[in-house]
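# Sequence plus the predicted model coming up.
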Amino acid sequence: MRVVRVNNGTAVPLVLDAEPAAGASDDAAQIAARLYAQHAASLHRYLLVCRCQPADADELLQEAFLRLFRALRQGEKIDSPKAWLVRVLQNLRTDKARKESVYGSAEEGEMQQKIPVWASHAPSPEESVLHRERFDRLEKAMQALSERQHQYLLLRAEGLTFREIAEAHGVTIQSVAETCARAIERVGKLTNE
């Protein structure tokens, strides 16, 4: 087992398969560990925002990186690792949902708890009410989006390009761009009502 330090300095275990196949180098493990350190935190946040429970997100993330390691060990060329991982995570989420026959949903207030504290001062009661109202409108607008629109916007927020999102979902770049544009327009209309 390897322990990888992610951006915030937290030690996170990365459990890879036992030894590589005879003659295979340790390159796959090193690459997988490096990619884990680079992308695990943002992919974990993505899963949480996609309404995965923290334990499920950990499990899905571990499985995705294990599959990445296996693919690298077998010599598969992966041009865009983050997009590849997103696609694997999407497939794993779909498989998990099919097995459970029920899609998870965010509990009331759960999203509020995930919002980081941005201000260095305590807001006034008026600011708190306004912030809560804005957040409620945004949350309702995001819930009104289709699953695809929601996912594409989240992936864009995580820094993926249209090309990477298209590769991850097996669609055209144009399709991703149009879906994002419609989603942004819809969120804008719903939050300004």
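Perfect, I can see it now.

# what's His39 in contact with, if anything?
Listed by C-beta atoms under 8 Å, 6 or more residues apart in numbering, the contact partners of His39 are 81-82, 85. Heads up, the C-betas are built off the backbone N, CA and C, glycines and all.

# what do you get if the cut-off is 10 Å, keeping everything else the same?
Neighbour list for His39: 6, 46, 61, 64-65, 68, 81-82, 85-86, 158 [criterion: C-beta atoms under 10 Å, 6 or more residues apart in numbering].

# Give me the pLDDT value at it.
Per-residue confidence (pLDDT) for His39: 88.

# Buried by neighbour count: which residues of stretch 45-55 qualify?
Within stretch 45-55, the residues scored as buried using 16 or more other C-beta atoms under 10 Å are 46-52.

# Would you mind writing the CA trace of the top helix by length along the chain as PDB?
Among the segments of the chain that qualify as a helix by DSSP state H, the longest is helix 27-49. Provided in PDB are the C-alpha atoms of helix 27-49 (Å, rounded to 0.1, in the frame of the first residue of the first chain):
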ATOM      1  CA  ASP A  27       6.100   2.800 -13.800                       C
ATOM      2  CA  ALA A  28       2.400   2.000 -13.700                       C
ATOM      3  CA  ALA A  29       2.300   2.300  -9.900                       C
ATOM      4  CA  GLN A  30       4.300   5.600  -9.900                       C
ATOM      5  CA  ILE A  31       2.100   7.100 -12.600                       C
ATOM      6  CA  ALA A  32      -1.100   6.000 -10.800                       C
ATOM      7  CA  ALA A  33       0.200   7.500  -7.500                       C
ATOM      8  CA  ARG A  34       1.100  10.800  -9.200                       C
ATOM      9  CA  LEU A  35      -2.300  11.000 -10.900                       C
ATOM     10  CA  TYR A  36      -3.900  10.200  -7.600                       C
ATOM     11  CA  ALA A  37      -2.100  13.000  -5.900                       C
ATOM     12  CA  GLN A  38      -3.100  15.400  -8.700                       C
ATOM     13  CA  HIS A  39      -6.700  14.500  -9.200                       C
ATOM     14  CA  ALA A  40      -8.100  12.600  -6.200                       C
ATOM     15  CA  ALA A  41      -9.300  15.600  -4.300                       C
ATOM     16  CA  SER A  42     -11.100  17.200  -7.200                       C
ATOM     17  CA  LEU A  43     -12.700  13.900  -8.300                       C
ATOM     18  CA  HIS A  44     -13.800  13.300  -4.700                       C
ATOM     19  CA  ARG A  45     -15.400  16.700  -4.600                       C
ATOM     20  CA  TYR A  46     -17.100  16.000  -7.900                       C
ATOM     21  CA  LEU A  47     -18.600  12.800  -6.600                       C
ATOM     22  CA  LEU A  48     -19.800  14.500  -3.400                       C
ATOM     23  CA  VAL A  49     -21.500  17.200  -5.500                       C
END
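
# Name the residues of it that are buried.
Within helix 27-49, the residues that qualify as buried are 28-29, 31-33, 35-36, 39-44, 46-49, counting by 16+ other C-beta under 10 Å.
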